[in-house]
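Participant: Here is a sequence with its predicted model. Questions after.
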Amino acid sequence: MAKKIPLRQCIGCGEMKSKKDMIRVLRTEDEGIMLDATGRKNGRGAYICPSLECMKKARKSRGLDRAFKMSVPDEVYDSLTKEIELFE
């Protein structure tokens, strides 16, 4: 039997892609919102494609706000955008 590939939906473009191809954004109680490079940390995760285009869409549609059921300040989107620039 073929191994199942875990799929996740991008909060920017809304496409379903393999978990490996995406960046996990994490919300924790103590540290707030950050990128989870390992994908292993505890907390509520949302996934986004490693592209600035998707980050723009997520920001416009407030994708993180919906994923984390809270309002996300613009500074968080700014710092995530900077970190995603490093991935591209």
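Facilitator: All right, it came through fine.
Participant: where does Asp74 land on pLDDT?
Facilitator: pLDDT for Asp74: 90.
Participant: again with the one 3 residues further on
Facilitator: The pLDDT attached to Tyr77 in the predicted structure is 90.
Participant: What about the closest residue to it other than its chain neighbours, how many residues nearby?
Facilitator: Nearest non-adjacent residue to Tyr77, counting by C-beta to C-beta, 6 or more residues apart in numbering: Arg59, 4.7 Å away. Heads up, the C-betas are built off the backbone N, CA and C, glycines and all. Number of residues near Arg59 (other C-beta atoms under 10 Å) recorded here: 20.
Participant: wait, Met55 sits on Tyr77?
Facilitator: Yes. Between Met55 and Tyr77 there is a contact under C-beta atoms under 8 Å: 7.4 Å.
Participant: neighbour count winner among these two?
Facilitator: Met55 (25 against 20).
Participant: Is the more buried one in a helix, a strand, or coil?
Facilitator: helix (DSSP: H, G, I helix; E, B strand; the rest coil).
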